[in-house]
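>>> I'd like to go over a predicted model; first the sequence, then the structure.
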Amino acid sequence: MKNTALSQTHEKLGAKMVAFAGYNMPVSYEGVNAEHETVRNGVGVFDVSHMGEFLIEGPNALDLIQKVTSNDASKLTVGKAQYSCLPNETGGIVDDLIVYRVKEETYLLVVNASNIEKDWNHIAKYNEVYNAEMKDLSEKYSLLAIQGPKAVEAMQSITSVDLRQIKFYNFVVADFAGIDHVIISATGYTGSGGFEIYCKNTEVKQVWDKVFEAGAKYGIKPIGLAARDTLRLEMGYCLYGNDITDETSPFEAGLGWITKFTKEFVNSEALAREKEHGPKQKLVAFELDDRGIPRQGYDIVDGQGKTIGKVTSGTMSPSLGKGIGLGYVPNIFTEIGSKINVQIRKNAIPATVVKLPFYKG
């Protein structure tokens, strides 16, 4: 099992450590609900250095990215980022990712930790035509997510950049925490604002220490992966391996908005046909009407007790105080307000299909 550059730091802070995507990661420090509240109302820091980073460079870099991703990367100017996915050849999704345009012919692709090797091989296969320069920086770079409504104010003292000027899904390469050439990106997986900071493994301990120094008067705290999951689920953000997989299409997953047919890409013809005819099932968000906690893998059943789908993600929402979840169901159950049931042990708990996000801020 691999460690991040900060694994020992988390252990000293008393974090509960677990194996996640091949890494030794902090799942919680003081408990998921308290950590969730810290990010929703203040500022918290996640070590997400297990994520993968690929650098794609050269005159054909954009052509390669256009071929393997579903979104239109030609719209990116330097300093902008874009959410996208890697479609596979059979209608599913290899991974979801963020594409950063760092320079005119240089792009950074940030992928999920569990998919680093799979994604690399998939992109490299198509690069045989384009011959762009590909570098896997995953083992050399760390990533901190500083999230919450107080993040801008708390971090302003450790950079010369006006953090308020960085718009959502934009980034700068600048000084941060005494380190030059750090990527400060106005992105995140929580729905509460903030930044993601990319720096080298050799620099991240200094960055971590300065971040906590600067944030002390704002009540900054370290946050584990458990709260990251409840925060993202309250926003309805997909988690690869749960809500999107090699078998689920972007249209089934509600990701039509990042699937652009202004260009040709992997499996684009088949996906265009699916868009035209509509998928047979869709990912829906639901809230339980009675007490209970929906968990991944639980059956979703209709009024007669017939299984119509499965829960892909579920939790007790700390912000709403009720059970919430995502799951795939046939089209007749996808309208907002539709009634479904979640089988929790012997009980079919009634639930209502709702509009995302669950958490409205």
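On my side now, so go ahead. Numbering: from 1, shown residues only.
>>> tell me the secondary structure for the residue of the chain most remote from its centre?
Distance from the centre of the chain peaks at Gln304, with 35.7 Å (CA atoms, centre = their mean). For Gln304, the assignment made with DSSP: H, G, I helix; E, B strand; the rest coil gives coil.
>>> could you shift the numbering so residue one becomes 821, and keep it that way?
Yep, numbering from 821; the last one is Gln1124 now.
>>> distance of it from Ala1168?
10 Å (CB to CB, to the nearest Å). Using the backbone N, CA and C atoms, a C-beta is placed for each residue, glycine as well.
>>> likewise Asp956?
Counting by CB to CB - Asp956 and Ala1168 are separated by 47 Å.
>>> show me the helices in the chain, by range?
For the chain, the helices defined by DSSP state H occupy 827-832, 852-861, 881-888, 936-950, 971-975, 1021-1035, 1045-1055, 1088-1097.
>>> centroid residue for the protein?
With distances taken as CA atoms, centre = their mean, Tyr1009 lies nearest the centre of the chain, 5.0 Å away.
>>> show me what contacts that one?
Each residue near Tyr1009 by CB atoms under 8 Å, 6 or more residues apart in numbering is listed here: Ala965, Gln967, Arg1048, Leu1051, Arg1052, Tyr1057.
>>> wait, which of these is closest to His856?
In terms of CB to CB, no member of these lies closer to His856 than Leu1051, at 6.1 Å.
>>> so who does Asp956 touch?
By CB under 8 Å, 6+ apart, the residues touching Asp956 are Gly872, Glu873, Phe874, Ile936, Trp940.
>>> what about 10 Å?
Contacts here follow CB atoms under 10 Å, 6 or more residues apart in numbering; on that basis Asp956 touches Gly872, Glu873, Phe874, Leu875, Ile936, Glu937, Asp939, Trp940, Ala944.
>>> of those residues, which pair is most distant in space?
It's Leu875 and Glu937 that sit farthest apart of the contacts of Asp956, by CB to CB, at 16.4 Å.
>>> higher neighbour count, the two?
Leu875 (18 against 12; other CB atoms under 10 Å).
>>> chain neighbours aside, what residue packs nearest to the more buried one?
Lys955 (4.3 Å; CB to CB, 6 or more residues apart in numbering).
>>> can you give me the distance of that neighbour to Ala933?
For Lys955 relative to Ala933 (CB to CB), the value is 18 Å.
>>> which of those two has more neighbours?
Set Lys955 next to Ala933 and count neighbours by other CB under 10 Å: Ala933 wins out with 18 against 12.
>>> the helices of the chain into JSON lines, with extra columns for mean pLDDT and distance to Val1162?
Below are the helices of the chain laid out as JSON lines (pLDDT from 0 to 100; distance: least, CB to CB, whole Å):
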{"stretch": "helix 827-832", "mean pLDDT": "97", "distance to Val1162": "34"}
{"stretch": "helix 852-861", "mean pLDDT": "98", "distance to Val1162": "21"}
{"stretch": "helix 881-888", "mean pLDDT": "98", "distance to Val1162": "36"}
{"stretch": "helix 936-950", "mean pLDDT": "98", "distance to Val1162": "31"}
{"stretch": "helix 971-975", "mean pLDDT": "98", "distance to Val1162": "35"}
{"stretch": "helix 1021-1035", "mean pLDDT": "98", "distance to Val1162": "39"}
{"stretch": "helix 1045-1055", "mean pLDDT": "98", "distance to Val1162": "15"}
{"stretch": "helix 1088-1097", "mean pLDDT": "98", "distance to Val1162": "27"}
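>>> many thanks, we can stop here.
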